[in-house]
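Q: next input, structure requested:
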Amino acid sequence: MSEAQIHSLPARLLAWCGIGNGLRRASGHCGPPAPPATLGRASLAPLKGWREIARGLEGPVVPPAAFRRISGLLRVLRPDAVERGRLALLLDLVGAGRPLEQLADMLPEIAEWRLLLARNLNEAEDLGLVMVASSRVRLSRAGRERLAALEAEGFSREAWLFIERCLRERPEAICSSCAAPNRIHWYWDEFDCRRCGRRNATATGSVVAPPRHRPEPHAG
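A: Numbering: from 1, shown residues only. Model (predicted):
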């Protein structure tokens with residue numbers, strides 16, 4: 001999210017989400033970059049297989065087949081699907097209604113959560129999916145229907161928090177030539193070694209180890 005887009009958000013939403021002028025000036029983006037776009041509709045249906053993919057990332061070393069599965073999942077989620085998933089997460093967290101202050105503090109593991117919250121609240125309010133009054137937000141009938149449709153498509157809070165974690169994680173890939181560790185993204189097809197410059201295929205010749213400390217999905 002650009003600085004201009006942040007400044008365009010209503011001041012009341014920024015204030016309610018605890019975002020001050022200093023943070024607005026310092027923040028030039030909102031969320032990690034989405035994987036490269038692939039052809040197809042912006043569907044959340046691929047999320048339905050997320051649990052099996054997550055199990056493949058549990059060991060200290062990720063097998064090539066498991067890497068290909070998580071990379072494929074992230075790449076098939078087009079940028080507009082990522083936006084739909086983040087909107088669905090907001091609607092799910094709002095549920096029967098919450099104070100905005102509580103919403104703003106719900107996902108501390110997502111560093112830019114308050115900016116995402118302010119932006120998605122603004123969009124959801126414009127679409128008539130939520131109603132914000134007296135620092136409290138609740139779903140409209142249209143919002144409940146939209147959330148139900150997104151859940152039928154494949155969204156769940158647990159699944160989407162897994163996606164958000166994977167978009168932020170920087171696993172380590174070992175160069176097949178000099179054995180140097182390299183920080184990569186799960187959705188990369190290849191990388192150039194930072195030490196020797198050799199180009200490596202992430203899912204075939206390299207060993208990829210996930211971060212050792214994986215934050216658990218928020219249970220609230």
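
Q: just to check, A88 is in contact with L147?
A: Yes: with contact defined as CB atoms under 8 Å, A88 reaches L147; the gap is 6.5 Å. Quick note: C-beta positions are derived from backbone N, CA and C, even for glycine.

Q: of the two, who's got more company?
A: Ranked by neighbour count (other CB atoms under 10 Å), A88 and L147 place A88 first, with 25 against 21.

Q: for that one, list the residues it contacts.
A: 44, 147, 150-151, 155, 160 (CB atoms under 8 Å, 6 or more residues apart in numbering).

Q: how near is G49 to F162?
A: 11 Å (CB to CB, to the nearest Å).

Q: neighbour count: the two, which is higher?
A: F162 (21 against 14).

Q: my guess is that one contacts W50. True?
A: Yes: taking contacts as CB under 8 Å, F162 lies within contact range of W50: 5.6 Å.

Q: what are the buried residues along the longest helix anywhere in the chain?
A: Of all segments of type helix in the chain, defined using DSSP state H, the longest is helix 79-94. Using 16 or more other CB atoms under 10 Å as the test for burial, helix 79-94 gives 81-94.

Q: distance from that helix to the middle of the chain?
A: In terms of CA atoms, centre = their mean, to the nearest Å, the centre of helix 79-94 is found 9 Å from the chain centre.

Q: do the same with stretch 109-127
A: Taking CA atoms, centre = their mean, the mean C-alpha location of stretch 109-127 is offset from the chain mean by 12 Å.

Q: try stretch 108-128
A: The chain centroid and the centroid of stretch 108-128 are separated by 12 Å under CA atoms, centre = their mean.

Q: now that stretch: mean pLDDT?
A: What stretch 108-128 shows for mean pLDDT is 88.

Q: next one: stretch 79-88
A: The average pLDDT within stretch 79-88 is 93.

Q: residue ranges in the chain under the pLDDT threshold?
A: Low-confidence segments of the chain, defined by pLDDT under 70: 1-41, 205-207, 209-220.

Q: mind giving me the domain split of it?
A: Taking automatic domain parsing as the reference, the chain has its domains at 10-20+44-168, 171-212.

Q: distance from the chain centre to the first one, please.
A: This points to domain 10-20+44-168. With CA atoms, centre = their mean, you get 7 Å for domain 10-20+44-168.

Q: surely L117 is in a helix?
A: Yes: L117 sits within a helix when classified using DSSP: H, G, I helix; E, B strand; the rest coil.

Q: quick check, it in contact with L103.
A: Yes: contact between L117 and L103 holds when scored by CB under 8 Å: they sit 6.1 Å apart.

Q: these two: who's more crowded?
A: L117 (28 against 20).

Q: for that one, give its distance to L91.
A: 12 Å.
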